[in-house]
Each structure stands twice: as structure tokens, then as C-alpha cells.
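Colleague: Pasted the sequence and its predicted model underneath.
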Amino acid sequence: MIAKPKGRHQWARRMPCAPTYFRQKAQRKIVESSTACPPETHPLHSRTPGGVSPEILTSGSFGYCKSILCKVRSVRMKRRDFFKHLVLPVTIALQGRVYQKRWGNIALAGTHPLNTLEKANEAAADLIIIGGGTGGCAAALAAARNGRRVIMTEETDWIGGQLSAQAVPPDEHPWIEAFGATRAYRDFRSRVRDYYYRNYPLTAEARTRVGLNPGNGRVSRLCFEPRVAVAVLQEMLAPYVSSGRLTILLEHKPRSTQTQGDWVKAVTVQNLRSGRELTLTAPFIIDATEPGDLLPMTGTEFVTGCESQKETGERHAPAEAQPHNIQSFTCCLAMDYVEGADHSMEKPHEYEFWKAYVPSLMPAWPGPLLSWVTTDPLTMKARRHNFDPVNEDRMGGGLWTYRRIADKRNFVEGTYAGDICLVNWPQNDYWLGHLYGISPEESARHLARAKQLSLSLLYWLQTEAPRPDGKQGWPGLRLRKDVVGTEDGLAKYPYLREARRIRAEFTVFEEHVQTEARMQVTGRPRDEVQAAPFHDSVGVGSYRIDLHPSRGGNNYIDVSALPFQIPLGALIPQRIENLLPGGKNLGVTHITNGCYRLHPVEWNVGEAAGLLAAFCLEKKSTPRAVRRTAKLLEEFQQRIQAQGVEIHWPKLRAR
């Protein structure tokens with residue numbers, strides 16, 4: 001519901017660019033005409049900063065004239081004032097740069113209620129999504145395509161999360177090209193390839209390749225540049241932004257919430273550029289932030305770090321709970337290699353510390369962190385990595401090709417000076433602290449140190465790293481700030497592997513998905529055992545339980561897991577009625593987070609949450625009631641399957 005302006009001439013006075021003559025002559029006798037100008041598209045309720053309907057900015061003078069005609073019908077305006085008002089399109093065209101500068105971090109959305117008067121500090125929608133990462137975008141897409149009006153905020157200036165702002169190429173299972181993900185996620189992957197086909201000078205051979213992998217990285221069948229993910233996601237969301245169904249607020253961070261009993265009533269976000277605060281209200285709210293920021297703000301019960309073995313019964317859980325024992329995070333960077341050039345950077349001020357640092361972990365790390373020798377996650381023994389930006393493809397692979405996002409051989413000669421490699425390696429995992437549940441000052445200190453670690457790794461690679469030819473360092477390695485879109489050359493947001501997790505109606509334990517645990521529970525052999533079936537499944541995923549070294553001094557935990565389902569119960573908090581998780585903050589444990597944290601699963605979680613909110617609005621129900629009512633649950637599962645969400649696996653082997 002959009003509030004009407006109150007007070008004599010108030011709507012005109014609040015138009016910062018309204019001419020004086022218009023402000024003086026406007027009269028309060030407003031008649032909303034449903035035929036000529038419906039309330040939701042009325043120019044008085046749909047303003048950009050200049051007091052002009054947003055459709056003007058995309059529809060040219062014709063759209064502007066149409067909005068003025070609506071004003072003529074709804075406000076007593078003299079004819080000469082009508083003609084005077086027609087000169088404003090020229091002003092709008094000339095002030096376009098000012099408009100972008102002041103409101104460039106807000107994706108204005110046609111007729112959305114957010115686009116009211118410039119000084120408005122409230123906005124309403126059917127669904128508020130806080131966090132525009134992988135899960136947040138999937139949730140927005142799902143809710144908008146089901147007719148719901150959505151406001152999505154994002155802390156950085158790039159949507160996409162893991163896929164873009166965190167600069168992490170997708171970690172996926174081997175069947176991703178055919179099944180095991182939602183239709184929308186596979187559409188995203190297809191659009192990434194199509195984006196390269198349409199916009200990049202591919203070689204003739206690459207252009208005819210059905211399964212194009214732009215980077216030929218080994219981590220995924222589809223390794224691509226972060227900004228391509230941003231472009232594709234914007235393309236997927238564009239129809240809903242243009243129609244006014246979706247508003248995206250970039251560079252906005254949640255600051256506070258309002259709750260009433262077991263309901264979240266509003267979330268206040270702050271524009272990180274201007275400091276302006278905006279209070280958002282909706283019947284349903286999705287927390288798709290990377291750390292799960294809304295959980296403590298709303299009083300939603302949650303868990304951090306390791307649960308105790310007594311609580312979960314998990315074989316890999318510690319005897320006592322360790323709430324601060326959280327997985328390492330990583331500040332990723334992109335680099336290329338230019339043979340014969342010297343791109344050596346200035347020595348990072350913490351370089352000597354990180355060069356000498358030997359991790360203190362159990363089981364023990366084999367030596368200095370800045371080394372080619374790390375712990376093998378599977379065997380826990382020392383493992384030596386290959387690295388050679390020139391000859392690595394002929395060496396059978398190594399760190400250079402592992403997360404390579406641009407293989408210059410795929411492109412016409414001269415397109416790239418060299419391959420582009422994304423650095424998310426064991427050597428730049430940071431586990432000396434974490435980023436949430438602590439003071440802002442301590443969080444900032446750990447983030448700064450994690451950035452120093454990544455820059456120190458690059459400096460070591462440029463200057464001191466042992467080479468296969470007996471030399472030291474590759475000075476031709478170049479930090480590609482442009483690839484990640486930042487001044488310091490590090491990803492816009494750290495890659496968080498673990499978030500706060502809701503205490504859910506149902507929590508996924510190790511015994512539900514881990515291969516040996518399932519064999520023990522079911523008595524079935526390895527080639528027959530399957531993950532626990534969930535009657536309320538709203539998606540599927542597959543990945544090993546992959547835990548990186550953690551704050552508490554634990555080395556890797558990397559064990560086999562079975563292709564699993566995502567239970568609806570893991571998306572429903574134990575108490576709060578209208579807050580849903582939209583990413584890694586669902587009802588899993590520290591252990592099972594290891595297989596539920598990757599890109600396709602986060603997308604599925606977000607998409608399921610968006611679909612659930614839309615379904616509850618239609619049925620005038622709650623998520624809890626949907627799960628507990630057999631008829632509603634069956635209808636919801638049929639609905640999401642019709643929209644391409646897979647909720648069952650065929651029989652597959654363990655990973």
C-alpha cells in the first residue's frame with residue numbers, strides 16, 4: 001500500500017526540482033483515476049530524485065508527456081503551466097550525469113513504491129531480501145517471476161556474491177550439466193556461455209565447442225570472469241527491474257530491525273555512500289547476507305562454529321561446543337602473467353610475518369604457509385603443488401590452471417596478454433580470526449590481515465617462489481585490479497565459507513549425508529547407500545564435506561558425502577515466523593555446512609526461499625504451516641518442480 005502525500009501542496013514542495021510556478025499553483029484536489037492513471041503508476045507516487053516519474057528516464061519525451069497528462073487529469077493545472085512543464089525533458093537530459101552520481105547505487109525500478117519522494121525514508125514490498133549474493137539473486141528471481149514485488153539490498157556494488165563479488169569460480173558436482181541443480185541455475189550457466197559467444201572474440205574452435213569453459217579451469221566445467229556473472233545476473237533480473245517488480249539497492253547494509261513477538265516487522269538499511277537510512281517493510285524477509293547478519297539483529301536463534309558431539313552425534317564434531325571455531329575465509333585476487341615484463345608490487349608490510357608463518361594446526365601443517373607444500377585434505381599428508389604460468393598445461397595441471405578464469409587460447413590472438421588465474425588457494429586461507437560475532441574493530445583488523453596474507457602470497461610468487469627451472473619468482477605476474485573491480489586488487493568481499501546458522505525446525509546432521517555414517521545407519525554397502533530422504537525436500541545438491549582449516553586450530557576435514565536433498569525444515573527457524581535463510585545460514589551444522597555451502601546449493605536455497613515466500617503470500621499461510629500441512633506441502637513441492645526445482649536424485653555414487 002502506497003501512502004498518499006498529506007498536507008496542502010506538500011507533494012509539490014517535496015519535489016526538489018519542481019519549478020516555483022508549479023509549486024505555487026498546484027492544488028490539493030487530487031483525484032486518482034483508475035482508467036487514466038492507476039494508483040500504483042500515478043506520477044505522485046512514483047518519483048525519481050527530480051520529482052519526475054521514473055518512466056521518463058527510459059521512455060523519452062513521450063513517456064514524460066504521458067505522465068504530465070496524468071497530472072492534468074489529477075491536479076487542477078492551468079494550460080500555460082502544462083506547456084511550461086514540457087520543457088523539462090531537456091533539463092532531464094542535461095542533468096543525466098547528476099542523476100547517476102546521486103542515485104547510481106540505487107537501481108530504481110519503474111513503479112516500485114521505493115521511488116516515491118526523494119526524502120522518503122520508508123519503502124514496502126511483498127518480500128525484502130537483505131543480501132544480493134548468489135542466494136539473494138536466486139530468491140529475487142523466483143519471487144519476481146511469481147508476481148511478487150521485491151526489494152533486494154546488497155552491501156557491495158556488485159550483485160552475485162560467491163559468483164562475482166567474492167571472485168570464486170563455481171565449485172560444482174560432475175553431473176551439473178545434465179541434472180542436480182535448478183532450471184534457473186542451469187539457465188544462468190547457459191547464459192554465461194552465451195555471453196562469451198555474443199561478446200568475446202572466441203577462436204573458431206572455441207566458438208563451436210558446446211561445453212565452452214572460458215578459463216579451462218579444473219575446478220569447474222565453467223570458469224569465467226566475475227564481471228560476466230554480474231552482467232548475466234543483471235540480464236536475468238532486468239525484466240523485473242524494468243517492470244517495477246524488483247528494486248535493487250546497491251551499497252546498502254542492514255543496521256537494525258523491528259520485531260513484534262515472533263515476527264520481523266522491518267529492516268533498516270544504510271546507504272554506505274550517503275549515510276542515509278531507509279526502513280524496509282514486507283510480510284516476508286530473507287536473510288541472504290554472507291554472515292547471516294539478520295539473525296542476531298532479529299533475535300532469531302542461531303549457532304556459530306562447532307556444535308558438540310553430544311548435541312549432534314556427529315563423528316567429526318568436537319566433544320564440547322566451540323562457537324568461535326569457524327572455518328577460514330579468503331580474500332581472493334586475480335592475476336595474469338606477461339612473459340618478460342616486471343610487475344613486481346611493493347612489498348606488503350606484513351610480508352615478513354607471513355613468509356615466516358608456520359601454521360599451528362592439528363594434524364600438523366607440513367611447513368611454512370608460503371610454500372608449494374601444503375596438507376593434502378584427503379590423506380592429511382604433505383602435498384607438493386605444481387605451478388608454472390607458462391608450461392603448466394603440459395605438466396598435468398597445478399595451481400595456475402586450477403581456478404583459471406581466462407585461457408587465452410580460447411580467444412583470438414591478442415585478446416589477452418596472458419591467462420587470468422583466480423587465487424583461492426590453501427596458501428591464502430586466513431584462520432587467525434573471523435569476521436562476525438566480534439567487535440567491528442576486531443573484524444576490520446582480521447580483514448586487513450587476511451588481505452595482507454593474499455598480497456604477501458602474490459609478492460612471494462613474484463619474487464621468491466621456487467620455479468621448476470631453478471630460478472626464483474615470476475615478476476611477470478600482474479595483479480589484475482580491473483578483473484575484481486577494486487583499488488587494492490582484492491575481491492570486493494571476502495569469501496566466507498561459514499555463516500551463522502539458524503536453529504531450524506530440522507537440522508541436517510552428518511548421519512544424513514556422510515557416506516560412512518550412512519553405511520553405518522542403513523547397513524548398506526558403499527555402492528548402494530544413499531543420503532537420507534527428506535519428505536519435505538525443496539532441492540538437491542552434491543559435494544564432499546569439505547571443511548578448510550579453522551579458527552580453533554583444526555586442519556582440513558574432507559570426507560565423502562552422498563548426493564543429498566535440501567529439506568524445507570532447514571529453511572524454517574524454530575520460532576521466528578517470517579524470516580527465511582537465503583544462503584549458508586540454513587539449518588546445517590559446522591560439519592554438514594561443508595557440503596551445503598557451494599554455489600549451486602546456495603542458489604537452490606535462495607530460490608526455494610523466494611518461492612516459499614511467494615507461495616505463502618498466495619495461500620495466506622506461513623512457512624511453518626506449509627511444512628506441517630500435508631496438502632500445502634504437496635502443492636508447494638509440485639509448484640516448485642513445475643518451475644524447474646529438482647527435489648529428488650536418481651541413484652548415484654558417493655563423492
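Modeller: Received, thanks. Values in this document were obtained by computation on a predicted structure and should not be read as measured data.
Colleague: now what about stretch 249-266, what contacts it?
Modeller: By CB atoms under 8 Å, 6 or more residues apart in numbering, the residues outside stretch 249-266 that reach it are 105-107, 114, 130, 132, 151-159, 267-273, 277-281, 285, 289, 293-294, 297-299, 575-579. For the C-beta atoms, the positions are set from N, CA and C on the backbone; glycine is no exception.
Colleague: what does stretch 287-298 give?
Modeller: The list of residues contacting stretch 287-298 from outside it, by CB under 8 Å, 6+ apart, reads 129-133, 135-136, 139, 155, 161, 166, 254, 256-257, 259, 264, 267, 285, 300, 302, 435-437, 493, 496, 499-502, 576, 579-585, 606, 609.
Colleague: Which ones among those map onto strands?
Modeller: Among the contacts of stretch 287-298, the residues falling in strands (DSSP state E) are 129-130, 254, 256-257, 259, 264, 267, 285, 302, 496, 501-502, 579-581.
Colleague: Now which of these would you call buried?
Modeller: Applying a neighbour-count criterion of 16 or more other CB atoms under 10 Å, the buried members of the ones in strands among the contacts of stretch 287-298 are 129-130, 254, 257, 259, 264, 267, 285, 302, 496, 501-502, 579-581.
Colleague: what about residue 500, neighbour count?
Modeller: The tally of other residues near residue 500 (other CB atoms under 10 Å) stands at 23.
Colleague: whoops, I mixed them up, residue 504
Modeller: There are 23 residues near residue 504, going by other CB under 10 Å.
Colleague: How about it: what's its closest non-neighbour residue?
Modeller: residue 587 (2.6 Å; CB to CB, 6 or more residues apart in numbering).
Colleague: wait, that neighbour sits on residue 507?
Modeller: Yes. In this structure, residue 587 is within contact of residue 507 by CB atoms under 8 Å, at 4.5 Å.
Colleague: which residues do those two both contact?
Modeller: Taking CB under 8 Å, 6+ apart as the contact criterion, the common neighbours of residue 587 and residue 507 are residue 570.
Colleague: need the helix or strand of this structure with the lowest average pLDDT.
Modeller: helix 96-103 (a mean of 29; mean pLDDT, DSSP states H and E).
Colleague: So for residue 461, what's the nearest residue that isn't a sequence neighbour?
Modeller: Nearest non-adjacent residue to residue 461, counting by CB to CB, 6+ apart: residue 477, 5.5 Å away.
Colleague: How much space separates the one you found from residue 390?
Modeller: 11 Å (CB to CB, to the nearest Å).
Colleague: Please apply the same query to residue 339.
Modeller: According to CB to CB, residue 339 stands 7 Å off from residue 390.
Colleague: Which of these two has more residues huddled nearby?
Modeller: Ranked by neighbour count (other CB under 10 Å), residue 339 and residue 390 place residue 390 first, with 16 against 10.
Colleague: Specify which member of the ones in strands among the contacts of stretch 287-298 is nearest to residue 630.
Modeller: If you rank those by distance to residue 630 using CB to CB, residue 580 comes first, at 20.8 Å.
Colleague: Give the full set of residues in contact with the residue lying closest to the closest one once chain neighbours are set aside.
Modeller: Of all residues not flanking residue 580 in the chain, residue 609 sits nearest, at 4.3 Å (CB to CB, 6+ apart). The contact partners of residue 609, by CB under 8 Å, 6+ apart, come to 135, 139, 142, 286, 288, 571, 580, 581, 582.
Colleague: Kindly provide the distance from the second one to residue 240.
Modeller: Applying CB to CB, the value for residue 139 to residue 240 is 12 Å.
Colleague: Likewise for the fifth one?
Modeller: Note on residue 288: its distance to residue 240, by CB to CB, is 16 Å.
Colleague: now swap in the first one and tell me
Modeller: Taking CB to CB as the criterion, residue 135 is separated from residue 240 by 17 Å.
Colleague: Compare those two and say which is more crowded by neighbours.
Modeller: Between residue 135 and residue 240, counted using other CB under 10 Å, the more crowded position is residue 135 (34 against 22).
Colleague: give the contact list for that one.
Modeller: By CB under 8 Å, 6+ apart, the neighbours of residue 135 are 161, 288, 582, 583, 584, 602, 603, 605, 606, 607, 609.
Colleague: What is the nearest of those residues to residue 315?
Modeller: The shortest approach to residue 315 among those belongs to residue 584, at 22.1 Å (CB to CB).
Colleague: Residue 606 is in contact with that closest one, correct?
Modeller: No. Under the criterion of CB under 8 Å, residue 584 is not in contact with residue 606, lying 10.4 Å apart.
Colleague: For those two, indicate the residue with more neighbours.
Modeller: Under the criterion of other CB under 10 Å, the comparison of residue 584 against residue 606 puts residue 606 first, with 34 against 29.
Colleague: Quick check: nearest residue in space to that one, chain neighbours excluded?
Modeller: residue 135 (2.9 Å).
Colleague: mind checking the longest helix of the chain?
Modeller: Ranked by residue count and defined by DSSP state H, the top helix of the chain is helix 440-463.
Colleague: how about that helix: buried residues?
Modeller: By 16+ other CB under 10 Å, the buried positions in helix 440-463 come out as 443, 446-447, 449-463.
Colleague: now do stretch 614-633
Modeller: 614, 615, 616, 617, 622, 623, 624, 626, 627, 632, 633.
Colleague: what pLDDT, on average, does stretch 418-430 get?
Modeller: Averaging pLDDT along stretch 418-430 gives 98.
Colleague: likewise stretch 589-608?
Modeller: Taken as a whole, stretch 589-608 has an average pLDDT of 98.
Colleague: Off-centre distance for it?
Modeller: Centroid displacement of stretch 589-608 relative to its chain, using CA atoms, centre = their mean, to the nearest Å, is 12 Å.
Colleague: For it, list the C-alpha coordinates in CSV.
Modeller: Extracted C-alpha coordinates of stretch 589-608, given in CSV (Å, rounded to 0.1, in the frame of the first residue of the first chain):
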residue,chain,number,x,y,z
THR,A,589,25.9,-28.0,11.3
HIS,A,590,29.5,-26.9,11.2
ILE,A,591,30.2,-30.3,9.6
THR,A,592,27.4,-30.5,7.0
ASN,A,593,27.9,-26.9,6.1
GLY,A,594,30.9,-28.3,4.3
CYS,A,595,28.7,-29.8,1.6
TYR,A,596,25.8,-27.3,1.6
ARG,A,597,27.9,-24.1,1.1
LEU,A,598,28.7,-24.3,-2.6
HIS,A,599,27.3,-22.2,-5.5
PRO,A,600,24.5,-24.5,-6.8
VAL,A,601,23.3,-25.3,-3.4
GLU,A,602,23.2,-21.7,-2.2
TRP,A,603,21.3,-20.8,-5.4
ASN,A,604,18.8,-23.6,-4.7
VAL,A,605,18.4,-22.5,-1.0
GLY,A,606,17.7,-18.9,-2.1
GLU,A,607,15.4,-19.9,-4.9
ALA,A,608,13.4,-22.2,-2.6
